[in-house]
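In: Turn this into a structure:
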Amino acid sequence: MTARVAALWRHPIKAHGFEALKRTLLVEGDTMPWDRRWAVAHEDAKAEDGAWSACQNFSRGAKAPQLMAISAISDEAAGTVTLSHPDRPDLTFDPDTEGAVFLEWVRPLMPETRAQSARIVRAGEHGMTDSPFASISIINLASGTDLGARMSQDLDPLRWRANIHLEGPAAWAERDWIGKVMRIGTAELEIREPIVRCLATTANPATGVQDADTLGALKSAFGHQEFGVYGVVTRGGEIAPGDKAELI
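Out: Numbers count the residues shown, from 1 in each chain. Presented below is the predicted three-dimensional model:
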């Protein structure tokens, strides 16, 4: 397998903004630094600070597609996140102390028929990933291109909210990576399981409008709704766009 890292992404606030990275340091048994560090609990949630909770407890793109168009920039030293959206003014705030400001900012993006965002929850030792274990999500860009061709439309890779975008492998080659170890840069990850997708991927990350039946296309072509894989860091190390990725 010949592959390289095309891009790195993290999502400081779960489902509320994607952020490009020039490089990052992966730590054994941990999520990508500052990935899903916070999540937004809705008014019916039973989530608590410092503990992992299932995604059903949080405001997310599956229920509020406009959230998919949020982008983010983090300032780790200041502890702040800046959010941008095509229909909202930019907002810079500290998620730990300025949750009320954020809730006011995000309210116009939430459908009135859904449970409303109520508070920001801080993740525990690891990020608030969709998996109950500390994971790094990986997609194969060729698979997204193939799925888009089947749908007769271009699919922005940001629909999949992955941490690592790989280019080079044949489409759907990632199905054969499960149970194997991949070296990326100086880090190593055990590829644990496929990622089951939700309605969030039907929304365009540039507009927040649901414009692609990604789930229907996956189900029709393959009989499932899986796209991408979860990896677990088994050896820490630095990774950056352009790094080689190989199975070992």
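
In: For the longest helix belonging to the chain, which helices and strands make contact with it?
Out: As assigned by DSSP state H, the longest helix anywhere in the chain is helix 141-151. With contacts taken as 3 or more Cβ pairs under 8 Å, 6 or more residues apart in numbering; DSSP states H and E, helix 141-151 sits against strand 164-167, helix 214-222, strand 226-235. All C-beta atoms are positioned from the backbone trio N, CA, C, and that covers glycine.

In: Show me which residues of the shortest one are buried.
Out: In other words, strand 164-167. Within strand 164-167, the residues scored as buried using 16 or more other Cβ atoms under 10 Å are 164, 165, 166, 167.

In: Against residue 197, how distant is the residue nearest to the spatial centre of the chain?
Out: Centroid-nearest residue in the chain: residue 161, 3.0 Å away (criterion: Cα atoms, centre = their mean). Look at residue 161 and residue 197: by Cβ to Cβ, to the nearest Å, they are 10 Å apart.

In: any idea which element the residue nearest to residue 179 when sequence neighbours are not counted lies in?
Out: Sequence neighbours aside, residue 191 is the residue nearest to residue 179 in space, at 6.8 Å (criterion: Cβ to Cβ, 6 or more residues apart in numbering). Element membership of residue 191, judged by DSSP states H and E, is strand 187-196.

In: Likewise for residue 131?
Out: Residue 131 is part of no helix or strand, with elements assigned from DSSP H and E.

In: Isn't it up against residue 232?
Out: No - with contact defined as Cβ atoms under 8 Å, residue 131 does not count as touching residue 232 (9.1 Å).

In: Bridge partners for residue 75, pull those for me.
Out: Applying DSSP bridges to residue 75 gives these bridge partners: residue 80.

In: separation between it and residue 185?
Out: Taking Cβ to Cβ, one finds residue 75 at 24 Å from residue 185.

In: With neighbour numbers in mind, choose between these two.
Out: residue 185 (18 against 11; other Cβ atoms under 10 Å).

In: Now for the nearest residue to residue 101 once chain neighbours are set aside: which residues touch it?
Out: Spatial nearest neighbour of residue 101, excluding adjacent residues (Cβ to Cβ, 6+ apart): residue 93 at 5.1 Å. Residue 93 is in contact with 80, 81, 101, 102, counting by Cβ atoms under 8 Å, 6 or more residues apart in numbering.

In: Residue 43 versus residue 93, what's the distance?
Out: Residue 93 is 20 Å from residue 43, by Cβ to Cβ.

In: next one: residue 68
Out: Noted for residue 68: a distance of 21 Å to residue 43, by Cβ to Cβ.

In: who has more neighbours, the two?
Out: Taking other Cβ under 10 Å, residue 68 and residue 43 do not tie; residue 68 has more neighbours (30 against 11).

In: Show the pLDDT at residue 62.
Out: We have a pLDDT of 95 for residue 62.

In: Got phi/psi on it?
Out: Phi and psi for residue 62, reported as degrees, to the nearest 10, are phi -60, psi -30.

In: Show me this protein divided up by domain.
Out: The record's domain parsing of the chain by automatic domain parsing lists 3-30+131-247, 38-122.

In: thinking again about what came up before, so who does the residue nearest to residue 179 touch?
Out: 138, 174, 177, 178, 179, 180, 181, 182, 229, 230, 231.

In: Could you dump those residues into TSV and include pLDDT and neighbour count?
Out: Listed next are the contacts of residue 191 as TSV, based on pLDDT from 0 to 100; neighbours: other Cβ atoms under 10 Å:
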residue	pLDDT	neighbour count
138	98	25
174	98	25
177	97	22
178	98	13
179	97	9
180	98	13
181	98	16
182	98	23
229	98	24
230	98	23
231	98	25
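
In: Please identify which of those is nearest to residue 207.
Out: Closest approach to residue 207 among the contacts of residue 191 (Cβ to Cβ): residue 138, at 25.6 Å.

In: Chain neighbours aside, what residue packs nearest to the closest one?
Out: residue 164 (4.6 Å).
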